[in-house]
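Peer 1: could you look at this predicted model? Sequence included:
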Amino acid sequence: MNDMKSILSEIEAFCRKHDLAETTFGKQAVNDGKFVARLRAGKSVTLRTLERVRAYMESQGGVPNVKNAQQQPKMQSTKPAEKPEAKDGEEQTAFRFYDNRQKYLMFVNTCSEKWVVAERVGMELAHLKPTPPALRVFDAGMGDGSVLTRVMRDMHNRFPHIPFLITAKEISLEDVRLGLEKMSDRFFEHPATILIVTNLYYAEAPKLMPKSIAAAASLNWTEVPLKGTTSHEFDEQIKGLQNVLANGWQVKSSEKTGNPLYVRPSVLVLYREDHKFILDQMIPRPGHFDGQYDLAIASQPYRAAMSAKFKAEKVLAPIAKAIAPGGRMLVIHSYGNDPGLELVQKIWPNHDPFKVTRHDLIKELKDQLGRSDRDIRYQAYADNRSLFRYQMHTLPGEVEQSASIGTSTLFAAWNAAVYVAQVEDELITEAMQTGDYLDATADILKRHKGLWFYDESFVITRTKR
């Protein structure tokens, strides 16, 4: 088993070094495009085949060192960063990743991830060929709307005369408010838009219908035809929805996990009243919505430390089932192996929450969906396409100069690093009792001339029937 893990690590490092897709590697090394996938799935391999693989890599320049040989000395913490991973269906409660508003808002405003993610989504828009009656998009986590509004601008640029139907899932009341604040301009620029916001679970949100009979009976369905023709008029009416949101987006904590759950399942449907005639057949009604989408966006929809099985079963599989024929689903999550994680590991050497890769998730999804959804295809891509980088904003020359870096920049960089790495609050509080964390942050910023992070992506598609 250790030999299999070793050869797989060598192959992954080789493919990264040479910007080579794993299918191409398999064909060139052993004339089998599925070799790496079979190896990752645990299939047995003969010693002769392993010798052929290693001989091929040596003939092409050898295998790069899998570990980073230039790791810096790390400062030790008196307390380990990792806790035992939760079982499937459970969540660790010490770190409320999705509810930590201060860290989230500082991260969003000091880093470029939302911009870069929207650009990555744009690559998928280029592959879409919408069919009547609308271009249908599902956002698996609207957040504050930063990504979705940028994607909607791109959609309008590419498809200016096609109606849009967009479903955005979000359980946080504050995020729903922030997201809706950005939408008045979208309704002005693209009048033929239906925007649906819901707090339903992943298994329920695509079809806008709770699973349980009791929850379905209490479904809070609100339809809002926006009057007028200007952004100001739309904005005023959206601001007037505060009571609707406060009532519909109440949450309670799970007795089992501590995670937020909806008190009442809610769906909010917005569109322009002056376009109701042409949108009427697309406006969803309770219990009458097929929940099929041309594009699904799943950007950071789960906590990194959760198991591959949990992520696939509870989050990704229900969304994948909602992909329409010819549709696409883009999945994005943090990857690590960047200066941000290097900073965190200076303080907590054993902390690494990014152990579940796109390949692990694809394997789990194949196990979950293989029999029921045989028309689904998985595109892991080589690292040069799958991975993309975003960075923390700094003033020109701020971190390159010999003078000390400003305290606000150090705090922002530290916040971004521990937020992305999802470090528990109690550990952060302990580490901040001394100034070592600021020294470590300054060292990383100067050595890398800034702070940046990697995200990992893969795509799921459904073939046309």
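Peer 2: Everything's here; your move. Since this is a predicted model, take the numbers as computed values, not measurements. Residues are numbered from 1 along each chain as shown.

Peer 1: ok, residues contacting stretch 117-131?
Peer 2: If you take CB atoms under 8 Å, 6 or more residues apart in numbering as the criterion, stretch 117-131 is touched by 135, 146-147, 150-151, 154-155, 158-159, 162, 294-295, 297, 299, 326-328, 330, 332, 388, 390, 455, 457, 459. No exception for glycine: its C-beta is placed from N, CA and C like everyone else's.

Peer 1: need the buried ones from those residues selected in ChimeraX.
Peer 2: Selection of buried members from the contacts of stretch 117-131 for ChimeraX, criterion 16 or more other CB atoms under 10 Å:
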select :135,146,147,150,151,154,155,159,162,294,295,297,299,326,327,328,330,332,388,390,455,457,459
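
Peer 1: among the contacts of stretch 117-131, which are in strands?
Peer 2: 135, 294-295, 297, 299, 326-328, 330, 332, 388, 390, 455, 457, 459 (DSSP state E).

Peer 1: and those residues, which two are the farthest apart?
Peer 2: Farthest-apart pair in those is 326 and 390; separation 29.7 Å (CB to CB).

Peer 1: now the strands for the stretch 351-465 of the chain?
Peer 2: Ranges of strands in the stretch 351-465 of the chain, per DSSP state E, counting those that start in this stretch, are 376-379, 387-391, 452-462.

Peer 1: helices and strands around the second one, which ones?
Peer 2: What it means is strand 387-391. Contacts defined by 3 or more CB pairs under 8 Å, 6 or more residues apart in numbering; DSSP states H and E place strand 387-391 against helix 113-125, strand 452-462.

Peer 1: for the closest residue to residue 263 other than its chain neighbours, what are its contacts?
Peer 2: Leaving aside its chain neighbours, residue 263 sits nearest to residue 250 (4.1 Å; criterion: CB to CB, 6 or more residues apart in numbering). Residues near residue 250 by CB under 8 Å, 6+ apart: 173, 262-264.

Peer 1: which one of the residues you listed sits closest to residue 243?
Peer 2: Nearest member of the contacts of residue 250 to residue 243, counting by CB to CB, is residue 173, at 11.8 Å.

Peer 1: got the contact list for the closest one?
Peer 2: 245-246, 249-251.

Peer 1: one more time with 10 Å, if that's ok
Peer 2: By CB atoms under 10 Å, 6 or more residues apart in numbering, the contact list for residue 173 reads 199, 242, 245-246, 248-251, 260.

Peer 1: same question for residue 419.
Peer 2: 97, 100, 102-104, 106-108, 111, 340, 428.

Peer 1: please redo it, this time with the cut-off set to 8 Å
Peer 2: Taking CB under 8 Å, 6+ apart, one finds 100, 103-104, 106-107 in contact with residue 419.

Peer 1: repeat that for residue 137.
Peer 2: By CB under 8 Å, 6+ apart, the contact set of residue 137 is 151, 155, 164-167, 293-297.

Peer 1: element containing the residue of the chain most remote from its centre?
Peer 2: Distance from the C-alpha centroid of the chain peaks at residue 48, with 40.3 Å (CA atoms, centre = their mean). Using DSSP states H and E, residue 48 falls within helix 47-59.

Peer 1: now swap in residue 137 and tell me
Peer 2: Counting by DSSP H and E, residue 137 is part of strand 135-139.

Peer 1: could you dump that strand to CSV, C-alpha only?
Peer 2: C-alpha atoms of strand 135-139 as CSV (Å, rounded to 0.1, in the frame of the first residue of the first chain):
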residue,chain,number,x,y,z
LEU,A,135,-30.1,30.1,-19.2
ARG,A,136,-30.4,28.3,-15.8
VAL,A,137,-27.7,28.8,-13.2
PHE,A,138,-27.5,27.3,-9.6
ASP,A,139,-25.1,29.0,-7.1
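
Peer 1: state the mean pLDDT of stretch 423-441.
Peer 2: Per-region confidence: stretch 423-441 scores 89 on mean pLDDT.

Peer 1: which parts of the stretch 151-300 of the chain are strands?
Peer 2: 164-169, 193-198, 220-226, 251-253, 260-262, 266-272, 293-299.

Peer 1: would you mind giving those strands as JSON lines with distance to residue 53 and mean pLDDT added?
Peer 2: JSON lines is the format used below for the strands of the stretch 151-300 of the chain (distance: least, CB to CB, whole Å; pLDDT from 0 to 100):
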{"stretch": "strand 164-169", "distance to residue 53": "43", "mean pLDDT": "98"}
{"stretch": "strand 193-198", "distance to residue 53": "48", "mean pLDDT": "98"}
{"stretch": "strand 220-226", "distance to residue 53": "57", "mean pLDDT": "97"}
{"stretch": "strand 251-253", "distance to residue 53": "50", "mean pLDDT": "86"}
{"stretch": "strand 260-262", "distance to residue 53": "47", "mean pLDDT": "88"}
{"stretch": "strand 266-272", "distance to residue 53": "52", "mean pLDDT": "98"}
{"stretch": "strand 293-299", "distance to residue 53": "33", "mean pLDDT": "98"}
